[in-house]
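Visitor: When you get a sec, could you give me coordinates for this:
(4 chains)
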There are 2 protein chains.
Amino acid sequence: MAAAALRKDDDDRLQPVFRALADPTRRRILRDLAREPASIADVASRFEISRPAVVKHLAILREGGLIAIQPKGRERINVLKPEGLRSAAEWLTFFDAFWDEKLARLKLAVESDVPTSPKGRKHARRH
Amino acid sequence: MAAAALRKDDDDRLQPVFRALADPTRRRILRDLAREPASIADVASRFEISRPAVVKHLAILREGGLIAIQPKGRERINVLKPEGLRSAAEWLTFFDAFWDEKLARLKLAVESDVPTSPKGRKHARRH
DNA sequence: TTGACATGAAACCAAAAGGTTCTACATAGA
DNA sequence: TCTATGTAGAACCTTTTGGTTTCATGTCAA
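Guide: As a prediction, this is how the structure comes out:
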């Protein structure tokens, strides 16, 4: 059934990525690193939270394959790995097809299939 | 500063979306609902977990604006709202530009040495 | 060598997340 | 009306998450 788009196994790879994206601090870090690579202290200086907390975030981002951490002397430079976001972007792309198709379906469902709203009956404009 | 792409406020809207996407069960529900709308019992029947657990997931998906829940008699039909994914997709799109530009930059950083800023001084290369 | 700086890492904590069971309510249908 | 079904929701439990503080390690630069 041509399930090339969304296999179950895909989710295993996706999980660390979406997990990494679930936190606003981590998304801000990604956005910042998109501007330029930065050391841990550099990154941490932009947040209120402690350095160890930032380090944990960076670790999660690395687990998601979203950044690379390169030791440089006594610093650790964090570099964005944009390809890491690709899998998530592709997963979302799957739903592109529904942005119109399913939307129309939703409209139909709302306008025709809801007899439990006696007050606001929408006249379903089926063409 | 042309920050049209990624405002801080965007994150507030994004948070419930990325939070909803962070769980594999919820992603599977979305994938299933893309196929066709389904009642709660319908959705729950496809998982090992209990119905109340599924109900919680559906609530989170609704909070993220990813599904709509339409009462139909004694059932509640869950319908995919693909537009809800749009904000997340757009956020990721921002990084498209770096999939080549930054990737090259990463290579450079790895292979030579990383010209990042120490705390005080960033040599911002304004061209 | 020695001090200052950048990071590593452990121990600990509160809150959120994901799950369960049990109970109660509403509705379709005989 | 009565019963079975579908859902709502409370109460509770365990694990994960995001955060902290504290201390140790490694490296640059005098």
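Visitor: which bits of chain A sit near DNA strand D?
Guide: A:19, A:22-23, A:25, A:48-50, A:52-53, A:56-57, A:60, A:73-74 (C-beta under 7 Å from any atom of the strand). From N, CA and C alone the C-beta is placed, and that goes for glycine too.
Visitor: One more pass at 6 Å, please.
Guide: A:19, A:22-23, A:25, A:49-50, A:52-53, A:56-57, A:60, A:73-74 (C-beta under 6 Å from any atom of the strand).
Visitor: Go ahead and build a ChimeraX selection from the buried members of the residues you listed.
Guide: Applying 16 or more other C-beta atoms under 10 Å in any protein chain shown to the residues of chain A next to DNA strand D, the buried members can be selected in ChimeraX as follows:
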select /A:19,22,23,25,57,60
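Visitor: Out of the residues of chain A next to DNA strand D, list just those in helices.
Guide: Judged by DSSP state H, the subset of the residues of chain A next to DNA strand D located in helices is A:19, A:25, A:52-53, A:56-57, A:60.
Visitor: now, among those, which is nearest to DNA strand C?
Guide: Among those, residue A:52 lies closest to DNA strand C (C-beta to the nearest atom of the strand), at 4.2 Å.
Visitor: show me the contacts for the closest one.
Guide: Counting by C-beta atoms under 8 Å, 6 or more residues apart in numbering or on different chains, residue A:52 makes contact with nothing.
Visitor: for chain A, what spans make up the helices?
Guide: With DSSP H as the criterion, chain A has helices spanning A:8-21, A:24-35, A:40-44, A:51-63, A:86-93, A:101-112.
Visitor: Let me have the ones in helices among the residues of chain A next to DNA strand D in CSV, extended by pLDDT and distance to residue A:98.
Guide: Output for those, formatted as CSV (pLDDT from 0 to 100; distance: C-beta to C-beta, whole Å):
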residue, pLDDT, distance to residue A:98
A:19, 97, 24
A:25, 97, 31
A:52, 97, 42
A:53, 97, 38
A:56, 98, 36
A:57, 98, 32
A:60, 97, 30
